[in-house]
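**Student:** got a structure for you, letters missing:
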């Protein structure tokens, strides 16, 4: 059986659109961290074109990490397929 190859770069710049679709407003600056393991008391996450970085937990996330957290999908291939279909 051959391994499935995913073009993870295909949607690397879709993070901002995805967060906007989820109703997350980052237009005024930092947002609360999307990592459920980080109980963010204040907005400490900056959103960039292809990633977001939390200054509180010192973690960087891409579109697939965001989908994992916000959609509850842990498998990287499933995250890609979710983004690809939405």
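**Tutor:** Sure thing, it's come through. Just so it is clear, the model here is predicted, and its values are computed rather than measured. Residues are numbered from 1 along each chain as shown.

**Student:** every contact and neighbour count from this point should use C-alpha atoms.
**Tutor:** Will do.

**Student:** and what about the most centrally placed residue in the chain, helix, strand or coil?
**Tutor:** Compute the mean C-alpha point of the chain, and by C-alpha atoms, centre = their mean the closest residue is residue 66, 2.2 Å away. Classification of residue 66 using DSSP: H, G, I helix; E, B strand; the rest coil returns helix.

**Student:** that one and residue 33 touch, don't they?
**Tutor:** No - with contacts counted by C-alpha atoms under 8 Å, residue 66 stays clear of residue 33, the gap being 10.2 Å.

**Student:** if I look at residue 2, what pLDDT would I see?
**Tutor:** With respect to pLDDT, residue 2 has a value of 61.

**Student:** with residue 21 instead?
**Tutor:** Residue 21 is given a pLDDT of 96.

**Student:** measure it to residue 11 for me?
**Tutor:** 15 Å (C-alpha to C-alpha, to the nearest Å).

**Student:** give me the more crowded residue out of those two.
**Tutor:** Neighbours per residue, other C-alpha atoms under 10 Å: of residue 21 and residue 11, the larger number sits with residue 11, 15 against 10.

**Student:** which residues sit in contact with that one?
**Tutor:** 63, 83 (C-alpha atoms under 8 Å, 6 or more residues apart in numbering).

**Student:** quick one: residue 35 and residue 4, what's the gap?
**Tutor:** On the measure of C-alpha to C-alpha, residue 35 and residue 4 end up 27 Å apart.
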